[in-house]
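Visitor: No sequence on hand, only this structure:
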Ligand code: SF4
């Protein structure tokens with residue numbers, strides 16, 4: 001039924017986090033004036049958080065990019081689309097001829113649709129001729145993807161958010177769902193109020209810890225020892241599922257041997273977690289008939305993040321808690337389409353469906369479809385791109401919807417890399433820290449202005465609808481990428497996103513049966529068979545590996561890449577807050593700014609007293625690679641010895657503090673363990689260090 005208050009309404013999918021809430025966006029006079037939750041949204045059941053519901057004013061911010069910009073005499077000036085496309089084609093063509101296609105690299109956007117990401121990787125591979133394409137999952141959940149593929153087969157959650165309600169117990173490790181994934185967090189809280197037995201594991205006491213039976217606060221960087229300890233207790237106390245281990249897994253023998261080293265007292269020495277608490281937590285999980293494990297960036301953004309995810313899989317496998325309703329492994333994906341951008345092959349080593357670029361049969365299928373020759377050489381990951389730019393081997397980048405100068409670690413190094421490039425194209429909706437280094441900036445579209453699909457954290461592919469037009473001369477991202485590809489000599493011959501999805505389905509086994517009409521209002525969870533049958537639960541009968549067995553990896557605990565010492569005595573952990581999203585590019589341009597207008601550093605009262613810091617003081621935070629200033633908040637939410645902040649405000653530049661330590665398998669930066677020195681900006685100690693807990 002139409003509503004007279006609005007000119008039009010469209011059902012779409014939230015563009016903020018990986019929960020994938022379905023929304024109704026209502027427009028009047030070319031502006032989105034209201035967003036309400038879709039009552040039948042499978043992930044949100046008629047709910048949203050304050051980002052999805054209210055943070056839409058950015059779409060008509062006066063700061064939106066509305067025309068292409070070209071750098072001339074050191075400044076960006078307005079240009080026509082023809083001029084911008086000509087400049088891109090000329091510069092990228094020149095660099096490709098002089099230095100080869102691998103002197104050019106691109107970043108796809110996990111905020112954009114599957115179809116946009118498909119077009120981006122196709123442009124890099126078919127129009128430029130390189131596999132130098134990556135996306136921001138490199139700096140968040142690439143360890144999850146690596147580990148799930150190694151242990152189970154597919155790079156995706158084994159179940160759905162509905163498993164939270166079907167479970168008797170759940171472990172939440174390294175995630176803060178009520179702030180980072182609020183609607184999923186609310187589902188967990190409601191389930192806990194109805195009797196779900198919760199274990200939270202995080203150096204910081206998160207809101208859900210107040211509803212947990214046990215909260216474990218390990219020292220940052222010691223998650224592996226905690227998970228091995230839980231597995232030790234489960235095995236020792238008869239909570240394992242021997243029949244499942246024998247019938248469905250491989251590798252348990254070596255794992256069992258390893259577990260001998262991780263009795264609760266040994267784990268207490270490594271992690272600081274009391275042995276009794278570890279035992280209680282193992283029993284909460286192991287005694288439930290159905291139990292799930294959810295994790296976030298507190299697990300992955302570590303030097304051994306990919307190994308910890310493999311250990312989490314091992315714990316679930318040895319207790320037989322995979323492949324049934326209520327027994328799921330659920331990584332809480334960060335950005336709205338971080339699952340999809342990787343599924344689409346916006347990665348340097350894989351095409352869509354995670355098939356290797358050096359697999360001859362796969363490469364030939366893409367060559368036949370796209371009518372061109374494709375490189376078999378895997379490309380560079382994001383950190384390698386920056387290193388290559390500084391070394392002079394990478395000459396140009398095309399950065400789509402990412403503000404790497406704010407979000408990526410070791411900011412000084414990133415800026416040096418961007419500065420070293422001969423040519424940089426940015427495609428975005430606002431000027432950002434990164435566009436300051438661009439030679440051409442292309443005005444793009446937000447999720448409210450385009451059609452396509454996002455894939456949420458439960459592998460659910462959902463339709464995105466355009467509520468309004470892009471402002472001024474801005475275009476949809478799909479249009480832009482198709483036009484740039486054409487200017488570079490590769491005509492994609494795709495009429496629009498729906499035709500792109502037909503191509504994705506024809507070239508990607510897991511998407512074989514995906515069509516827009518079949519996605520409808522509820523979406524489909526991949527793999528989707530040719531007849532449209534989808535898969536809310538994976539691995540009910542067999543794992544997606546040769547022989548059908550899951551692999552349990554015997555991986556010991558190893559020290560993190562950084563540690564507190566005399567010079568840097570505290571450990572900084574970074575994360576998110578409810579009001580803002582990621583770099584804050586969108587949410588800082590909405591009313592959410594009034595709810596939270598700055599970042600702050602959380603510090604425990606004991607540390608604050610020792611350092612003569614009072615609540616509200618401006619403090620200096622110095623790491624081995626950088627220094628920032630930020631306001632302090634004294635709170636018992638954080639454990640002594642640790643400090644916490646988010647990274648939503650560019651003026652704070654938290655990522656200046658993050659060094660180059662990264663996950664050993666995926667190069668995901670170690671954002672979560674940074675040794676720092678904290679002190680008041682004025683070295684004058686206050687007379688009385690009054691303490692206040694927030
Ligand atoms: Fe959007 Fe995530 Fe909030 Fe849902 S929980 S409304 S997907 S930001």
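Guide: Arrived safely. Only a predicted model underlies this, so the values are computations on that prediction, with no experimental measurement involved.
Visitor: Please, which helix or strand holds residue 165?
Guide: Secondary structure assignment for residue 165, by DSSP states H and E: helix 162-166.
Visitor: on contacts alone, who are the packing partners of the helix or strand that that helix is followed by?
Guide: Where DSSP H and E defines the elements, the next helix or strand beyond helix 162-166 is strand 169-173. Strand 169-173 is packed against helix 182-193, strand 197-201, helix 223-236, helix 275-287, strand 291-295, with contacts defined by 3 or more C-beta pairs under 8 Å, 6 or more residues apart in numbering; DSSP states H and E. Yep, even glycine has a C-beta here, placed from its N, CA and C like the rest.
Visitor: Which strands or helices does the helix or strand just after strand 169-173 pack on?
Guide: Sequence-wise, the next helix or strand downstream of strand 169-173 (DSSP H and E) is helix 177-180. Helix 177-180 sits against helix 182-193, with contacts defined as 3+ C-beta pairs under 8 Å, 6+ apart.
Visitor: Can you give me the buried ones in the helix it packs on?
Guide: Residues of helix 182-193 classed as buried: 182, 183, 184, 185, 186, 187, 188, 189, 191, 192 (neighbour count, 16 or more other C-beta atoms under 10 Å).
Visitor: swap in stretch 410-417?
Guide: Of all the residues in stretch 410-417, those buried under the rule 16+ other C-beta under 10 Å are 410, 411, 413, 414, 415, 417.
Visitor: List the residues that contact the second one.
Guide: The neighbourhood of residue 411, defined by C-beta atoms under 8 Å, 6 or more residues apart in numbering, consists of 405, 626, 653, 655, 656, 658.
Visitor: that older thread, give me the mean pLDDT for the helix holding residue 165.
Guide: When pLDDT is averaged over helix 162-166, the result is 97.
Visitor: Also stretch 134-154?
Guide: 88.
Visitor: And for the residue of the stretch 301-450 of the chain found nearest the ligand, the neighbour number?
Guide: Nearest to the ligand, among the residues of the stretch 301-450 of the chain, is residue 336, at 6.5 Å (C-beta to the nearest ligand atom). Per other C-beta atoms under 10 Å, the neighbour tally for residue 336 reads 30.
Visitor: Identify the residues contacting it.
Guide: Per C-beta under 8 Å, 6+ apart, neighbours of residue 336: 13, 14, 15, 16, 17, 18, 20, 110, 111, 447, 454, 456.
Visitor: so which of these also contact the ligand?
Guide: Filtering those for neighbours of the ligand using C-beta under 6 Å from any ligand atom leaves 14, 16, 17, 20.
Visitor: With secondary structure, pLDDT and neighbour count added, can I get those residues in JSON lines?
Guide: Below are these laid out as JSON lines (DSSP: H, G, I helix; E, B strand; the rest coil; pLDDT from 0 to 100; neighbours: other C-beta atoms under 10 Å):
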{"residue": "14", "secondary structure": "coil", "pLDDT": "96", "neighbour count": "31"}
{"residue": "16", "secondary structure": "coil", "pLDDT": "90", "neighbour count": "24"}
{"residue": "17", "secondary structure": "strand", "pLDDT": "91", "neighbour count": "27"}
{"residue": "20", "secondary structure": "coil", "pLDDT": "96", "neighbour count": "32"}
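Visitor: which of the residues you listed sit farthest apart?
Guide: 16 and 20 (9.8 Å; C-beta to C-beta).
Visitor: and residue 425, that's in a strand?
Guide: Yes - the assignment for residue 425 is a strand, going by DSSP: H, G, I helix; E, B strand; the rest coil.
Visitor: For residue 413, see how far away it is.
Guide: 21 Å (C-beta to C-beta, to the nearest Å).
Visitor: got it, and residue 299?
Guide: Using C-beta to C-beta, residue 299 is found at 25 Å from residue 413.
Visitor: before we move on, what SS does residue 510 have?
Guide: From three-state DSSP, the assignment for residue 510 is helix.
Visitor: and it, what does it touch?
Guide: Residue 510 makes contact with 154, 343, 353, 526, 527, 528, according to C-beta under 8 Å, 6+ apart.
Visitor: ranking those residues by neighbours, who comes first?
Guide: Within the contacts of residue 510, residue 343 tops the neighbour count with 29 neighbours, counted by other C-beta under 10 Å.
Visitor: in the sheet, who's paired with the closest residue to that one other than its chain neighbours?
Guide: Once flanking residues are discounted, residue 343 sits nearest to residue 455: 5.9 Å by C-beta to C-beta, 6 or more residues apart in numbering. With DSSP bridges as the criterion, residue 455 is bridged to residue 461.
Visitor: So which helix or strand of the protein has the lowest pLDDT on average?
Guide: Least confident helix or strand of the chain, by mean pLDDT, DSSP states H and E, is helix 592-595 with a mean of 62.
Visitor: picking up where we left off before, compare the helices and strands packed on strand 169-173 and give me the one nearest the ligand.
Guide: With distances scored as C-beta to the nearest ligand atom, the stretch of the helices and strands packed on strand 169-173 nearest to the ligand is helix 182-193 (3.7 Å).
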